[in-house]
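K.L.:
could you work out the structure for the sequence below:
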Amino acid sequence: MLRNAVELQTYQASGRKCKILFSEEQTGTKDASALLVEFALGEGTPVHTHDGIEIMYVISGEGISIEDGKETKIGPNTAVLAEKGVPHAIINGTDTPMRMLCIYVPPLPDSYIVANYK
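P.N.:
From the prediction side, this is the model:
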């Protein structure tokens, strides 16, 4: 299955953008979901946890990954793994947009994604 991110709906909230690449509701993907996210300067995610794993891959931009209270600089070609139940967050630390691919196993419901980008 192929999807062109340019053609997908963008969900936006306060300096954050998200496109759902694959999800059970949109593409019938039952084992994982994938998002393309973009954060403006100083924006990112609040500290949160998941009932599964989240794999984040930085496409462009630089920032800070916070995992279980520990801060680490991240940039292009960096992959971050947040294990089930581990508090984590990402913050864009530059004046250019930070773009990331995020993969969730098990998949996040679309309703969760949409609620966090309103």
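K.L.:
list the contacts for the residue nearest the centre of the chain?
P.N.:
Centroid-nearest residue in the chain: Cys102, 4.2 Å away (criterion: C-alpha atoms, centre = their mean). By C-beta atoms under 8 Å, 6 or more residues apart in numbering, the contact set of Cys102 is Ala34, Leu35, Leu36, Val37, Glu54, Ile55, Met56, Tyr57. From N, CA and C alone the C-beta is placed, and that goes for glycine too.
K.L.:
cool, and Ser60?
P.N.:
If a contact means C-beta under 8 Å, 6+ apart, then Ser60 has Pro76, Thr96, Pro97, Met98, Arg99 as its contacts.
K.L.:
so which of these comes closest to His88?
P.N.:
Nearest to His88 among those, counting by C-beta to C-beta, is Met98 at 15.2 Å.
K.L.:
gap between the closest one and Val58?
P.N.:
Plainly put, Met98 is 7 Å away from Val58 if you go by C-beta to C-beta, to the nearest Å.
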